[in-house]
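Asks: sequence first, predicted model second:
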Amino acid sequence: MSKRLLNLLLPAATGVLFIAVWYAVRFSLSEDMQFLLPSPGEIIGAFRTNGADLAHAALNTAEGALLGFVGAIAISSLLALALSVSSLVRVSLYPYLMMLQMIPVIIFAPILILWVGPGLKSVVVITFLICFFPLVVNTTQGLVSTDRNIVELFRMYRATRPQEIFLLRAPAALPYFFTGLRIAATLAPIGALVGDYTAGSSAGDGGGLGFQAIIYSSQAKYPALFATAAVTCVLGFVFVAVVVGLSWLALHQWHDSYERTDN
Amino acid sequence: MPAVVKLEDIHRIYDSGEVKVHAVRGVTLELHKGEFMAVMGASGSGKSTLMNTLGCLDRPTSGRYLLDGVDIAGLDRNELADLRNEKLGFVFQGFNLLSRTTALENVELPMLYGRRRISHHDMQERAEHCLAIVGLADRADHFPSQLSGGQQQRVAIARALVNNPQVLLADEPTGNLDSKTAIEVMGVFQKLNDQGITIVMVTHELDIARYCRRNLIMRDGKVVSDVQVTDRLIADTELRRLHEAEAAAKLTA
């Protein structure tokens, strides 16, 4: 059997097995306990009845995730450049960057609501905070990990400091940047969801998936809750897929992590 | 004919606090256009310090160094760097190519800096010409990772040639290569030398030094031997011999 076919069949088989076990567990539960685990069929049913709400909420969450993610990329790249220029700057700022990452969202959320109000703005800030750290750390690491020999070569040629940064350090940091980007891409939808859960607002149809989850759980609509989880997964997959695609575009021609066939 | 490189009683003392290291102790040396010299010696013999001096990367503690008639003692940092970029080409053991850029762009690199402004078109033309000299005209758009070690070193040689240097300085250019590829790279150097380019290379390997015209051996910071190579090896001949030996081995196998 060809490897390619196997690569498709094996995950499919795992999926089928998983659903089978799911049904088995579900029907082994006594009738008054079956609400704990809705069957896949019931979840699909929940999609039918709540589809419009879920789609709307998903778009809102996606918007918050995307804005926070893009903002984190922009600001973390600038900060990483500043951090890479001098080890003194690194030493002075690093503890506070760590602190930023340690701030628990649940504690920060009420403060944030006071500052910028509930809704999209808060969601964006929370997503930003969650995505920011891995991006800064990886990009900075990349910028300072340039091959010493080539840095010396550039200095020997009398390259200017901007030339050294933009022709040498920034391109060499790309693989590190994309590692950070992949981590941030998985965090962004979750960040937006948590942000929405803790600081979201339904005002002006602005509620996202986190807000929807609060509503469904308060109404004991468990199949709809499972459907919400599924939508969040899809959103996460989209984010990661886009980043993986971008990473391939930027790196496949020259970086060793991609196999090449031509020679 | 004036010497391209003239060293007069060069000393270099590294002063790191309590310990003073006298790395080069009085080297006098002339190098004329078209010479091809191998510098040999154990580690600590002062050959790297000598190369750094020749490359204008380091100033001697005492003594005089004239590069193409210019006394480097009278130059400030920037003038020295300009002289270096104008007169010298460098080849390293580890190739030092930018992995993200193609062979052609790597060769263009030294032209991006310095005083002389060159149009993009001229830059590309010169880089292509230099790649053709090292026999890689058809690999211009390849990335370093798509090239073999020998090809990567040839790209590095093309890069060293691109500013039309007087002298090519190579620091163990075959150190990372297998013996057959090393001979191929020596063939490229011999071809360049035949066209009149002066070459100085550091090497550990005696058989590699035999492809050069002149062998200089250093010990304890002094030149202990400086001879013309009498039984010089020609890379093309050696490669042909290797191919024949390989073919014969295949036949008997």
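Replies: It's in.
Asks: show me the shaky parts of chain B.
Replies: Applying pLDDT under 70 to chain B flags residues B:1, B:114-116.
Asks: mind redoing it with 80?
Replies: B:1-2, B:16-17, B:113-117, B:253 (pLDDT under 80).
Asks: what do you get for chain A?
Replies: Short version for chain A, where the test is pLDDT under 80: A:1, A:201-206, A:256-263.
Asks: who's the residue nearest the centre of chain B bridged to?
Replies: Centroid-nearest residue in chain B, with Cα atoms, centre = their mean: residue B:170, separated by 2.1 Å. For residue B:170, the beta-bridge assignment (DSSP bridges) gives partners residue B:91, residue B:201.
Asks: quick one: contacts for it?
Replies: Applying Cβ atoms under 8 Å, 6 or more residues apart in numbering or on different chains to residue B:170 gives the contacts B:90-92, B:160, B:189, B:199-202. Just so you know, the C-beta spots here come from the backbone N, C-alpha and C atoms, and that holds for glycine as well.
Asks: redo that, cut-off 7 Å
Replies: B:91, B:199, B:201 (Cβ atoms under 7 Å, 6 or more residues apart in numbering or on different chains).
Asks: swap in residue B:229?
Replies: B:210, B:212-215.
Asks: got the residues of the stretch 1-150 of chain A near chain B?
Replies: Within the stretch 1-150 of chain A, the positions lying close to chain B (Cβ under 7 Å from any Cβ of the partner chain) are A:149-150.
Asks: show me where the stretch 1-150 of chain A has helices.
Replies: Per DSSP state H, counting those that start in this stretch, the stretch 1-150 of chain A carries helices over the ranges A:3-28, A:40-85, A:87-102, A:105-116, A:120-144, A:148-156.
Asks: most tightly packed of those helices?
Replies: helix A:120-144 (a mean of 24; mean count of other Cβ atoms under 10 Å in any protein chain shown).
Asks: and that helix, how far from the chain's centre?
Replies: Its chain's C-alpha centre and that of helix A:120-144 lie 10 Å apart, by Cα atoms, centre = their mean, to the nearest Å.
Asks: could you give the angle of it to helix A:40-85?
Replies: Helix A:120-144 runs at 50 degrees relative to helix A:40-85, counting by axes from the mean of the first three to the mean of the last three Cα atoms, to 10 degrees.
Asks: list the helices and strands helix A:120-144 packs on?
Replies: helix A:40-85, helix A:87-102, helix A:105-116, helix A:170-199 (3 or more Cβ pairs under 7 Å, 6 or more residues apart in numbering or on different chains; DSSP states H and E).
Asks: secondary structure element holding residue B:135?
Replies: In this assignment (DSSP states H and E), residue B:135 forms part of neither any helix nor any strand.
Asks: give me the neighbour count for the closest residue to it other than its chain neighbours.
Replies: The shortest distance from residue B:135 to any non-neighbouring residue, by Cβ to Cβ, 6 or more residues apart in numbering or on different chains, is to residue B:154 (6.7 Å). Neighbour count for residue B:154, taken as other Cβ atoms under 10 Å in any protein chain shown: 26.
Asks: now the strands for the stretch 101-250 of chain B?
Replies: In the stretch 101-250 of chain B, strands defined by DSSP state E, counting those that start in this stretch lie at B:167-171, B:198-202, B:214-219, B:222-228, listed in chain order.
Asks: which one of those lies nearest to residue B:22?
Replies: strand B:222-228 (10.2 Å; Cβ to Cβ).
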